[in-house]
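>>> Here's a sequence, model it:
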Amino acid sequence: MSFLNITDPKKRDAVVADYLATVKRLQQRNLNEKAQDLARDENLKEMFNPIVQSTAKSTEAITKELIPLREEVKHLNENLAVKKEKLGDDGDDTMLTSSSSSSSDLKNALEQYLTIMDKTKLDKYFGIQRTDDGRYMMGDKVVVVDKQSNIYVDDKKYKGTPGLWALIMLATPKYDDYTTDDFSRYGDLIKQTNLIFHPRNVTARSRPKSTWKWTHILTPIRQPIKKEKKDGEGIIQFLPSDIKGLTSKLQLLLAEFAAGNRSSTRNEIVIILDELLRRKKISRAEYTDINSYLSQCL
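Numbering: from 1, shown residues only. Next up is the predicted model:
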């Protein structure tokens with residue numbers, strides 16, 4: 001609107017005054033609305049600020065409480081991952097039968113010996129052998145091996161230590177390769193599998209009893225010792241497999257021999273002396289002296 005087009009001064013002044021009053025009212029209304037908004041914000045802030053602060057404190061407290069729980073869950077997940085890796089992708093720790101195993105999914109000592117090591121170092125007669133039908137055999141028994149290299153014959157479990165596996169699979173295991181406990185378990189395994197009487201891969205030209213293991217390991221570990229009974233029949237005992245047992249047995253037999261029970265103890269003493277000499281637990285001089293003493297007393 002142009003105020004200049006109004007020729008009447010009074011009318012023009014009235015219109016201008018009305019316009020200015022209208023503008024002032026609008027400005028005042030805007031100011032009132034802004035003041036009301038500010039007041040409302042202050043009221044809302046005053047009303048909800050305690051709740052917000054309380055929620056923040058609760059969140060902080062809950063977060064602190066969750067930190068140990070998160071660490072525990074992380075630890076459990078790590079342990080679960082390690083266990084799963086040990087047991088296999090399926091998470092099953094059940095035994096693997098020889099018919100279901102293969103070199104790609106059975107990572108145990110048996111597969112390592114059969115697939116990785118130099119075949120000339122393996123015992124082809126008295127070690128664990130895989131048959132044409134996929135079974136693993138030792139002596140006349142089926143052998144089952146789990147992923148932790150433990151050995152199962154029938155329902156008996158043998159802990160798969162490196163020393164026991166060396167005794168089983170190597171043609172010439174060294175004395176440093178195994179412990180007395182390994183040697184003892186190996187003796188039990190030999191007895192259960194009838195290994196001495198049932199070597200594997202035997203042909204017309206095979207000579208399992210001429211091998212180093214037969215002479216130095218198998219024969220002494222299950223050397224039969226015949227003792228006379230009153231009715232004239234013989235009973236069979238077996239040598240202890242560990243050094244402590246052999247030494248204790250020798251001391252007992254020497255005491256019996258000195259007490260006069262000579263004919264029935266001499267053979268046992270000689271066999272134990274042979275074994276102790278083989279394992280380098282007595283010297284050649286000690287071996288000779290004891291045998292001389294036995295001969296002189298007869």
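>>> Mind checking the pLDDT average for stretch 109-125?
Averaged across stretch 109-125, pLDDT comes to 82.
>>> Can you list the neighbours in contact with that stretch?
For stretch 109-125, the external contacting residues (CB atoms under 8 Å, 6 or more residues apart in numbering) are 101, 103, 127-128, 130, 136, 145, 149, 160, 162, 165, 168-172, 199-202, 206, 208, 211, 213-214. C-beta here means a position set from N, CA and C on the backbone, and glycine is covered the same way.
>>> at 7 Å instead, please
With contact meaning CB atoms under 7 Å, 6 or more residues apart in numbering, stretch 109-125 is reached by 103, 128, 130, 136, 145, 149, 160, 165, 169-171, 199-202, 208, 211, 213.
>>> Show me just the buried residues among these.
Buried members of the contacts of stretch 109-125, counted by 16 or more other CB atoms under 10 Å: 128, 130, 136, 145, 149, 160, 165, 169-170, 199-200, 208, 211, 213.
>>> Return the subset of these lying in helices.
Taking DSSP state H, the ones among these that sit in helices are 165, 169, 213.
>>> Now do the helices in the protein.
9-87, 109-115, 162-169, 180-193, 212-213, 219-221, 243-258, 266-278, 284-297.
>>> For D182, which non-adjacent residue is closest in space?
In space, and not counting its chain neighbours, D182 is closest to G163: 3.3 Å by CB to CB, 6 or more residues apart in numbering.
>>> Isn't that neighbour up against T179?
Yes. If you go by CB atoms under 7 Å, G163 and T179 touch, sitting 5.3 Å apart.
>>> the more surrounded of those two?
Using other CB atoms under 10 Å, the more surrounded residue of G163 and T179 is G163, with 19 against 15.
>>> okay, K213: pLDDT?
Reported pLDDT for K213: 86.
>>> Pull the contacting residues for it.
123, 126, 171-172.
>>> 6 Å - rerun?
123, 126 (CB atoms under 6 Å, 6 or more residues apart in numbering).
>>> Give me the distance between it and H198.
As judged by CB to CB, to the nearest Å, K213 and H198 stand 15 Å apart.
>>> that older thread, turn the ones in helices among the buried ones among the contacts of stretch 109-125 into a markdown table, including distance to V16.
Formatted as a markdown table, these follow (distance: CB to CB, whole Å):
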| residue | distance to V16 |
| --- | --- |
| W165 | 113 |
| M169 | 116 |
| K213 | 126 |
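>>> just to revisit the earlier point, between the buried ones among the contacts of stretch 109-125, which sits nearest V15?
V15 has its nearest neighbour among those in S149, at 108.0 Å by CB to CB.
>>> contacting residues around the closest residue to that closest one other than its chain neighbours?
Distance criterion CB to CB, 6+ apart; nearest residue to S149, sequence neighbours excluded, is G160 at 3.3 Å. Contact analysis of G160 by CB under 6 Å, 6+ apart lists 109, 149-151.
>>> Now with 7 Å, please.
Counted by CB under 7 Å, 6+ apart, G160 has contacts 109, 148-151.
>>> ranking the residues you listed by neighbours, who comes first?
I151 (26 neighbours).
>>> Out of the contacts of G160, the closest to N267 would be?
Using CB to CB, the contacts of G160 come closest to N267 at I151, 33.6 Å.
>>> Against V145, how distant is the closest one?
From I151 over to V145 (counting by CB to CB), the distance is 6 Å.
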